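**Student:** only geometry, no sequence info:
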């Protein structure tokens, strides 16, 4: 395996190695230091990954400092000159070139191979496994590696990472399992066998036998899933199965809605293309499920669901579910409004007008329910909307919407405060050319658009809409900060 050209998920595979270290199966190897690296470490950076690197270097004999900060037991989160000097010595000893003191992808790949070597040397708790020496890194001419090989490697890395996560979930579930001691012992033995297969999958991956790694990883996922479910847990497999079933039902509903709209010569927009894309994604989800790549199956199914919701919005037809939901919402609002009017009456307020309006709203809801019985979805929706308007008028008549107005204004103000704080952080990130700054700026721009819409909703006295837009903007602001 060529370390300098390796592009597999270092973070994911370091997690795999950590899985082996942290399990009883590799109890004898617990002296091995394990770190998760998701960025290049170099002079000036700060973080817990630096502390972990220092701990590893100290344990490997490349001591940061004999005493004080950086010494054994006193590792720090700061990458400074002493850390750089220790990294250079380690790189020279590990055959990493150039030995620059920058702990990037090539060094991180060498680090992973070092962990695997240490695990192989500490296999006293394992059944005999034929050790295979890691291939000596050789220069690779740019452009020689084929895209097919890249895809095989990436697919294998993803599968092995999913297998590792599945084993960890099974272990955690088994720790909490206390229903039957004999059953627990059997499940622990099953899981021990699964760990053997996971270790073999990792070995195959590092030896570039990607087909074997994928096959073993799929077996690990399936067997670890069995352990998880037998121990009372819910697995990715069952979650994927449920989600795919739900999305397939949604597909049938939207397809039926589309055909009905076409028959009536209603506008369907881009719904047909969206349906085709959603069908392809559902096929991908089922293929991934059959291949036991359950997380990919979940991801594909959820993408299909999003497309189907967009397709439904494109179709200018009110569906049964839309109408039913509108009527239920109106009934819930009526119940809440009646409570507010009763409270206002107890406080001595004049509620005659509000009560009359609520009576009118109740009649509109009954008409909406009758329209549902007649399967006239559009009419049901119209009656429900009219009922909501009457309810709003009733609350205005007793001043019941004042609280809603204050809540909405407060939500919008809070969202603007969050936006301004995030805007400052993104400005700094852009000045420093930080990774993710551009994506963060795009998300912030979208959040600002939502806040402008929220201000318009306040002007229109649509307090609920304003509050919902403010909350959506705050979620987008958080997403922007996560990009940094």
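**Tutor:** Looks like it arrived, so ask away. Given the structure is predicted, the values throughout are model-derived calculations rather than measurements.

**Student:** Any idea how many residues pack against residue 93?
**Tutor:** Residue 93 has 12 neighbours, counted by other Cβ atoms under 10 Å. Using the backbone N, CA and C atoms, a C-beta is placed for each residue, glycine as well.

**Student:** Is it in a helix, a strand, or coil?
**Tutor:** Secondary structure assignment for residue 93 (DSSP: H, G, I helix; E, B strand; the rest coil): helix.

**Student:** ok, now which ones touch it?
**Tutor:** By Cβ atoms under 8 Å, 6 or more residues apart in numbering, the contact set of residue 93 is residue 62.

**Student:** separation between it and residue 83?
**Tutor:** Note on residue 93: its distance to residue 83, by Cβ to Cβ, to the nearest Å, is 16 Å.

**Student:** And for residue 52?
**Tutor:** Counting by Cβ to Cβ - residue 52 and residue 83 are separated by 12 Å.

**Student:** The two - which one has more neighbours?
**Tutor:** residue 83 (26 against 19).

**Student:** element containing the more buried one, please.
**Tutor:** Assigning secondary structure by DSSP states H and E places residue 83 in helix 81-94.

**Student:** what is the mean pLDDT for that helix?
**Tutor:** What helix 81-94 shows for mean pLDDT is 93.

**Student:** Stretch 336-345 too?
**Tutor:** Stretch 336-345 comes out with an average pLDDT of 89.

**Student:** How about the secondary structure of the residue most central in space within the chain?
**Tutor:** Geometric centre of the chain, nearest residue: residue 299, 9.4 Å, by Cα atoms, centre = their mean. Following three-state DSSP, the label given to residue 299 is helix.

**Student:** pLDDT below threshold where in the protein?
**Tutor:** Scanning the chain with the threshold set as pLDDT under 70 gives 1-34, 109, 113, 115-146, 316-317, 399-403.

**Student:** How is it partitioned into domains?
**Tutor:** Here the domain parsing of the chain from automatic domain parsing is 10-126, 236-314, 320-397, 402-483.

**Student:** Make TSV from those domains and add distance to residue 177 to it.
**Tutor:** As requested, the domains of the chain are arranged in TSV below (distance: least, Cβ to Cβ, whole Å):
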stretch	distance to residue 177
domain 10-126	15
domain 236-314	17
domain 320-397	40
domain 402-483	34
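
**Student:** Relative to residue 197, which of those domains is closest?
**Tutor:** Minimum separation from residue 197 across these (Cβ to Cβ) falls at domain 10-126, 11.4 Å.

**Student:** Would you map the helices across the stretch 1-150 of the chain?
**Tutor:** 10-22, 48-59, 81-94, 105-121, 147-175 (DSSP state H, counting those that start in this stretch).

**Student:** Which stretch among these approaches residue 235 most closely?
**Tutor:** Residue 235 sits nearest to helix 147-175 of all those, at 7.6 Å, using Cβ to Cβ.

**Student:** if we can go back for a sec, can you give the distance of the helix holding residue 83 from its chain's centre?
**Tutor:** Put simply, helix 81-94 sits 36 Å off its chain's centre (Cα atoms, centre = their mean, to the nearest Å).

**Student:** in stretch 322-332, what's buried?
**Tutor:** For stretch 322-332, a neighbour-count test (16 or more other Cβ atoms under 10 Å) marks 322, 323, 324, 326, 327, 330, 331 as buried.

**Student:** and whatever helix or strand the fifth one lives in, what does it pack onto?
**Tutor:** It stands for residue 327. Here residue 327 sits within helix 320-346, counting by DSSP H and E. Contact here means 3 or more Cβ pairs under 8 Å, 6 or more residues apart in numbering; DSSP states H and E; on that basis helix 320-346 packs against helix 352-373, helix 377-397.

**Student:** Of these, which is nearest residue 474?
**Tutor:** Of all the helices and strands packed on helix 320-346, helix 377-397 comes closest under Cβ to Cβ, at 25.1 Å.

**Student:** Would you mind finding the most buried of the helices and strands packed on helix 320-346?
**Tutor:** helix 377-397 (a mean of 21; mean count of other Cβ atoms under 10 Å).

**Student:** Kindly calculate the angle that that helix makes with helix 320-346.
**Tutor:** With axes from the mean of the first three to the mean of the last three Cα atoms, to 10 degrees as the basis, helix 377-397 and helix 320-346 are set at 20 degrees to each other.

**Student:** Flag every buried residue along the helix or strand just after helix 377-397.
**Tutor:** Sequence-wise, the next helix or strand downstream of helix 377-397 (DSSP H and E) is helix 402-431. Of the residues in helix 402-431, 404, 408-409, 411-412, 415-416, 418-419, 422-423, 425-426, 429 count as buried by neighbour count, 16+ other Cβ under 10 Å.

**Student:** what do you get for stretch 266-277?
**Tutor:** Across stretch 266-277, burial judged by 16+ other Cβ under 10 Å covers 268, 271, 274, 275, 277.

**Student:** What lies in contact with it?
**Tutor:** Residues outside stretch 266-277 that contact it (Cβ under 8 Å, 6+ apart): 251, 254-255, 258, 261-262, 304, 307-308, 310-312, 314-317.

**Student:** with these in mind, which one is nearest to residue 150?
**Tutor:** Within the contacts of stretch 266-277, distances to residue 150 taken as Cβ to Cβ reach their minimum at residue 304, with 26.6 Å.

**Student:** Doesn't the closest one lie inside a strand?
**Tutor:** No - assigned with three-state DSSP, residue 304 falls outside any strand and is helix.

**Student:** Can you report how many residues neighbour the residue nearest to it when sequence neighbours are not counted?
**Tutor:** Using Cβ to Cβ, 6 or more residues apart in numbering and skipping residues adjacent in sequence, the residue nearest residue 304 is residue 281, 3.8 Å away. For residue 281, the count of nearby residues is 22 (other Cβ under 10 Å).

**Student:** can you pull the contacts of residue 281?
**Tutor:** Residue 281 touches 300, 301, 303, 304, 307, counting by Cβ under 8 Å, 6+ apart.

**Student:** can I get those residues in a markdown table with distance to residue 174 and neighbour count?
**Tutor:** Formatted as a markdown table, those follow (distance: Cβ to Cβ, whole Å; neighbours: other Cβ atoms under 10 Å):
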| residue | distance to residue 174 | neighbour count |
| --- | --- | --- |
| 300 | 29 | 25 |
| 301 | 28 | 28 |
| 303 | 32 | 17 |
| 304 | 33 | 27 |
| 307 | 38 | 24 |
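
**Student:** quick check, nearest of the residues you listed to residue 172?
**Tutor:** The closest of these to residue 172 turns out to be residue 301 (Cβ to Cβ; 24.9 Å).

**Student:** quick one: what helix or strand has the nearest residue to that closest one once chain neighbours are set aside in it?
**Tutor:** Sequence neighbours aside, residue 285 is the residue nearest to residue 301 in space, at 4.2 Å (criterion: Cβ to Cβ, 6+ apart). Using DSSP H and E, residue 285 sits in helix 271-290.

**Student:** Return the distance of residue 190 relative to residue 334.
**Tutor:** Going from residue 190 to residue 334 by Cβ to Cβ gives 55 Å.
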